[in-house]
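Predicted coordinates and the sequence they were generated for:
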Amino acid sequence: MSRLATGAKLLTVVVICSLLVSGVVVGFVRGEPELSASLAENRVVAGEEATLAVTLTNAGELETMSTTNPELNRRVLTATGVSTRLRAGDAPLSVTTGRQSVGSIADGGERAVPFTVSVDEDASPGTYRLPLRVAYTHTSEIDEGGGFSRSQTVERTLSVTVRVVEQARFAVVDTEADVGPASVGTVSVTLENVGSEAANETAISLDSLDPDVRVGSSGTSSQYAGEWAPGQRQTLTYVVAATETATNATYPFRVTTAFDDDRGVRQTDASSVVGVEPQTDRRFVVTDVESDVAAGGSGTLAVTLRNDGSQTNEATLALRSAGGALAVDGGDASTRFVGDWPSEAERTFTFDVAAPPSTEGGTYTLDAAVDYRTDRGADASARPASIGVAVAPDPDFAVRDPDVSLTVGEEGRVRGTVVNRGSTPARNAVVVISSPSPNVRFTETTYALGDIETGSTAEFSFDAVVAPTAAAGPRPFDVTVRYEGPGGADRQSTPLQFRGDVVPQPDRLAFEAVNASYGIDTSNRLSVRVTNVGDARLKDVRVSLATAPPFTSESPSAFVSALDPGETATLGFELSVSEDAVESTHAVALNATAERTNGDMIRMEPSLVAVTIAEPSGPGGDTALVVGVAVLAAVVIVSGWWWLRQ
């Protein structure tokens with residue numbers, strides 16, 4: 001082969017490579033998205049409504065690629081306008097969410113799409129496949145050189161897998177009660193885990209559906225049961241109080257179970273409603289309870305019990321605080337010796353009971369246990385009786401008829417009435433007032449109310465001053481009631497809020513300068529007429545000049561003892577004009593205060609009067625000085641000439 005031919009071939013190869021590198025050689029970019037579906041959490045339980053978060057992932061495939069324009073590769077691998085719909089298929093559930101629009105999913109991207117499902121109550125445990133219909137559009141082919149592209153729409157059916165699993169489920173298998181009308185007792189509920197899985201951190205709540213029957217001190221109570229294996233039974237006991245009108249043949253209660261499943265997820269079993277038959281065959285029955293204990297204090301508890309059994313000997317009553325919420329005679333328990341206790345006889349016992357400061361009002365339980373000796377000499381213990389101790393709550397205060405009489409720049413008052421709506425009196429009550437407004441200042445911030453009995457009221461009144469620079473408008477006010485709780489403890493209410501309006505200051509005084517025209521470097525009398533333009537008499541009217549260069553004053557204050565509506569008085573002030581003043585009209589500020597007939601002080605906004613500085617129209621100033629000097633010189637010369645002639 002000749003050198004010429006070999007060179008031509010090499011040149012051809014070099015040209016082709018150059019064209020490839022430079023992008024002159026063109027072709028088609030082809031590819032398609034590849035969507036897949038998965039569920040991170042696919043467990044559902046029979047009878048529940050759950051949300052399945054389906055994850056769509058795009059792992060696209062390139063058939064031919066562009067080496068110079070990666071954006072074209074991304075276009076053919078991106079699924080656009082993605083929508084999806086989940087079907088139930090053969091699974092024992094229904095999908096309540098319709099078709100979902102997802103948008104675009106780029107290569108390597110993913111989207112989470114939530115679907116709500118309702119699982120059948122009788123769903124059998126097992127694994128089920130749910131069809132997932134997916135539709136999208138993508139660019140399947142792009143011409144690198146001419147910009148030509150071809151798109152197509154794809155519809156595919158994917159699937160996700162769900163598992164219907166069993167978990168702990170609870171059923172009430174037995175109930176027992178030793179509570180009846182007008183008494184405090186217990187209700188015991190026995191439950192069984194009828195599910196196939198254990199429950200962890202189990203808590204059983206009981207609340208009454210009868211308004212005359214109360215569980216615990218708040219109307220509902222919860223008992224901790226811990227781990228609960230399948231088939232296991234446990235009995236939970238709750239303190240229940242019934243009123244005298246609780247005469248139903250059965251007391252209805254709702255039982256609710258909460259627990260952690262084997263994954264640590266908190267679950268709630270469906271509530272069960274059970275009817276409990278009341279029992280009244282307690283041997284020692286509580287017939288009366290009287291208490292004057294209030295939250296945060298101490299008082300006396302008087303409890304009366306009746307022996308409904310046979311006579312007992314050497315009986316002893318022990319009163320214990322359930323849970324330590326109350327102190328009995330300064331401790332957790334206290335005893336009283338009874339001795340012989342005949343059948344049907346009543347005995348009354350008194351104890352000192354204290355409620356800590358953190359105690360809230362409500363009913364608290366004390367257990368009364370009677371130990372005794374039978375007529376055969378055997379020691380016995382009667383079933384304890386639960387005693388409901390009513391702890392009076394804190395007083396419940398409210399503010400009625402707030403009256404805010406405040407005017408800009410004036411003294412005023414804030415009045416109101418505190419009412420005790422609670423069931424506990426407040427001793428030595430004091431109301432404390434405040435306002436977040438910096439322009440409202442109270443002369444005193446506390447007002448003694450004294451004792452406020454239940455349902456009683458007490459009035460308060462505070463003097464306040466509003467700054468002259470304040471803007472008129474509504475203002476918030478807070479009052480807090482401090483009082484002496486039971487046992488002398490200091491307590492206070494939450495802030496009681498109300499609002500009132502600060503009204504604009506009306507025009508009360510008008511000022512007018514009289515012949516206020518002065519020369520430069522002079523000391524003058526400034527006369528000002530002041531007129532009461534309001535509709536009320538003003539006393540102790542005090543007016544002062546607020547001078548500024550070129551003015552000064554050696555006597556800037558004036559006083560009028562009283563001004564009736566429409567009355568005018570003339571005030572005088574010393575006003576000096578500096579030597580460097582220029583001819584002009586200036587404003588001089590006047591500050592005024594006055595006292596209304598009720599004694600309230602008024603501070604009015606500054607008023608301005610016009611003062612003119614001008615040269616005198618006749619000889620004066622420097623000209624007058626020159627003339628005076630010339631006359632004096634002539635007099636001296638004539639006098640000297642006359643003296644020499646003598």
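In hand now; what should we look at? Residues are numbered from 1 along each chain as shown.

quick one: pLDDT of the nearest residue to residue 410 once chain neighbours are set aside?
Nearest non-adjacent residue to residue 410, counting by Cβ to Cβ, 6 or more residues apart in numbering: residue 602, 4.8 Å away. From N, CA and C alone the C-beta is placed, and that goes for glycine too. On pLDDT, residue 602 comes in at 83.

Let me see the domain layout of this structure.
Here the domain parsing of the chain from automatic domain parsing is 26-165, 170-276, 284-391, 397-503, 509-613, 622-646.

Can you list the neighbours in contact with stretch 560-570?
With Cβ atoms under 8 Å, 6 or more residues apart in numbering as the test, stretch 560-570 has contacts from 509, 514, 527-541, 543, 571, 594.

In PyMOL, how would I select just the buried ones from those residues?
Buried subset of those, written as a PyMOL selection, criterion 16 or more other Cβ atoms under 10 Å:
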select buried, resi 509+528+530+531+532+534+538+541+543+571+594
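
Of the contacts of stretch 560-570, which belong to helices?
With DSSP state H as the criterion, helices contain none of the contacts of stretch 560-570.

and the closest residue to residue 56 other than its chain neighbours, how many residues sit next to it?
Once flanking residues are discounted, residue 56 sits nearest to residue 111: 5.0 Å by Cβ to Cβ, 6+ apart. Per other Cβ atoms under 10 Å, the neighbour tally for residue 111 reads 18.

Ok, residue 272 next?
15.

who's in contact with it?
With contact set as Cβ under 8 Å, 6+ apart, residue 272 has these partners: 170-172, 254-256.

In TSV, list those along with distance to residue 41, neighbour count and pLDDT.
Output for those, formatted as TSV (distance: Cβ to Cβ, whole Å; neighbours: other Cβ atoms under 10 Å; pLDDT from 0 to 100):
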residue	distance to residue 41	neighbour count	pLDDT
170	24	23	89
171	28	15	88
172	31	16	92
254	30	15	92
255	29	21	93
256	25	17	92
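
Among the residues you listed, which ones are in strands?
Among the contacts of residue 272, the residues falling in strands (DSSP state E) are 170-172, 254-256.

Farthest pair within the residues you listed?
The two members of the ones in strands among the contacts of residue 272 with the most space between them (Cβ to Cβ) are 171 and 254, at 14.3 Å.

which residue packs closest to residue 439, ignoring adjacent ones?
Nearest to residue 439 is residue 470, by Cβ to Cβ, 6+ apart, at 3.6 Å.

and the one you found, backbone torsions?
phi -70, psi 150 (degrees, to the nearest 10).

Also residue 323?
Dihedral angles (degrees, to the nearest 10) for residue 323: phi 80, psi 0.

List the contacts of it.
Counted by Cβ under 8 Å, 6+ apart, residue 323 has contacts residue 365.

Distance-wise, check it relative to residue 518.
Distance, residue 323 to residue 518, using Cβ to Cβ, to the nearest Å: 89 Å.

hang on, isn't residue 607 packed against residue 592?
Yes. Shown here, residue 607 and residue 592 form a contact pair, counting by Cβ atoms under 8 Å, at 6.9 Å.

shared neighbours of these two, anything?
Common neighbours of residue 607 and residue 592 (Cβ under 8 Å, 6+ apart) are 509, 511.

So for those two, which residue has more residues nearby?
Of the pair residue 607 and residue 592, residue 592 is the one with more neighbours under other Cβ under 10 Å, namely 21 against 18.

same for the strand or helix carrying the more buried one, what does it pack against?
According to DSSP states H and E, residue 592 maps onto strand 584-596. The contact analysis (3 or more Cβ pairs under 8 Å, 6 or more residues apart in numbering; DSSP states H and E) places strand 584-596 against strand 509-514, strand 522-532, strand 538-546, strand 601-603, strand 607-613.

In contact with the closest residue to residue 594 other than its chain neighbours, which residues?
Leaving out its chain neighbours, the residue that sits closest to residue 594 by Cβ to Cβ, 6+ apart is residue 538, at 4.2 Å. By Cβ under 8 Å, 6+ apart, the contact set of residue 538 is 508-509, 532, 562-563, 594-596, 602.

repeat for residue 590
Applying Cβ under 8 Å, 6+ apart to residue 590 gives the contacts 511, 528, 543-546, 606-609.

among those, which ones are buried?
Buried members of the contacts of residue 590, counted by 16+ other Cβ under 10 Å: 511, 528, 543-545, 607, 609.

Turn the residues you listed into TSV, including distance to residue 446 and pLDDT.
Compiled in TSV, the buried ones among the contacts of residue 590 are given as follows (distance: Cβ to Cβ, whole Å; pLDDT from 0 to 100):
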residue	distance to residue 446	pLDDT
511	40	92
528	43	92
543	36	93
544	34	94
545	39	93
607	37	86
609	43	91
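
can you redo these as TSV with distance to residue 214?
Formatted as TSV, those follow (distance: Cβ to Cβ, whole Å):
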residue	distance to residue 214
511	73
528	78
543	72
544	71
545	76
607	70
609	77
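
Just give me the closest of these to residue 273.
Taking Cβ to Cβ as the measure, residue 273 lies nearest residue 607 of the buried ones among the contacts of residue 590, at 78.8 Å.

beta partners for the closest one?
residue 590 (DSSP bridges).

repeat for the one 5 residues further on
Per DSSP bridges, the residues bridged to residue 612 are residue 517, residue 585.

what's around it, how many residues?
13.

correct me, but it touches residue 517?
Yes. In this structure, residue 612 is within contact of residue 517 by Cβ under 8 Å, at 4.3 Å.

just to revisit the earlier point, relative to residue 587, which of the helices and strands packed on strand 584-596 is closest?
Once those are compared by Cβ to Cβ, strand 607-613 is nearest, at 4.3 Å.

Now tell me what touches the closest one from outside.
Here strand 607-613 makes contact (Cβ under 8 Å, 6+ apart) with 509-513, 516-520, 526, 528, 550-551, 575, 577, 581-590, 592.

residues contacting residue 329?
351-352.

one more time with 10 Å
Residue 329 makes contact with 301, 319, 335-336, 351-354 under the criterion Cβ atoms under 10 Å, 6 or more residues apart in numbering.

Pick the one among these closest to residue 243.
Set against residue 243, the nearest of the contacts of residue 329 by Cβ to Cβ is residue 301 (19.1 Å).

ok, now how distant is that closest one from residue 387?
Per Cβ to Cβ, residue 301 is found 8 Å from residue 387.

So for those two, which sits in the more crowded spot?
Neighbour count, other Cβ under 10 Å: between residue 301 and residue 387, residue 387 has more, with 25 against 22.

residue contacts, that one?
Listed by Cβ under 10 Å, 6+ apart, the contact partners of residue 387 are 183-185, 239, 241, 286, 289, 291, 301, 303, 305, 319-320, 322, 363-368.

mind redoing it with 7 Å?
Applying Cβ atoms under 7 Å, 6 or more residues apart in numbering to residue 387 gives the contacts 184, 286, 289, 303, 365-366, 368.

Once you drop chain neighbours, what's closest to it?
Distance criterion Cβ to Cβ, 6+ apart; nearest residue to residue 387, sequence neighbours excluded, is residue 366 at 4.5 Å.

and the one you found, how many neighbours?
27.

my guess is it contacts residue 324, does it?
No. The pair residue 366 / residue 324 is not scored as a contact, 11.0 Å apart, by Cβ atoms under 7 Å.

residues in contact with residue 293?
By Cβ under 7 Å, 6+ apart, residue 293 lies in contact with 299, 301, 353, 355, 389, 391-392.

For the residues you listed, could you give me JSON lines that also reports distance to residue 66?
Shown next, in JSON lines, are the contacts of residue 293 (distance: Cβ to Cβ, whole Å):
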{"residue": "299", "distance to residue 66": "90"}
{"residue": "301", "distance to residue 66": "91"}
{"residue": "353", "distance to residue 66": "88"}
{"residue": "355", "distance to residue 66": "82"}
{"residue": "389", "distance to residue 66": "85"}
{"residue": "391", "distance to residue 66": "82"}
{"residue": "392", "distance to residue 66": "84"}
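
Name the weakest-confidence residue in those, if you would.
Among these, residue 392 carries the weakest pLDDT, at 78.

In the sheet, which residues pair with that one? Tell me.
The bridge-partner assignment for residue 392, based on DSSP bridges, gives residue 294.
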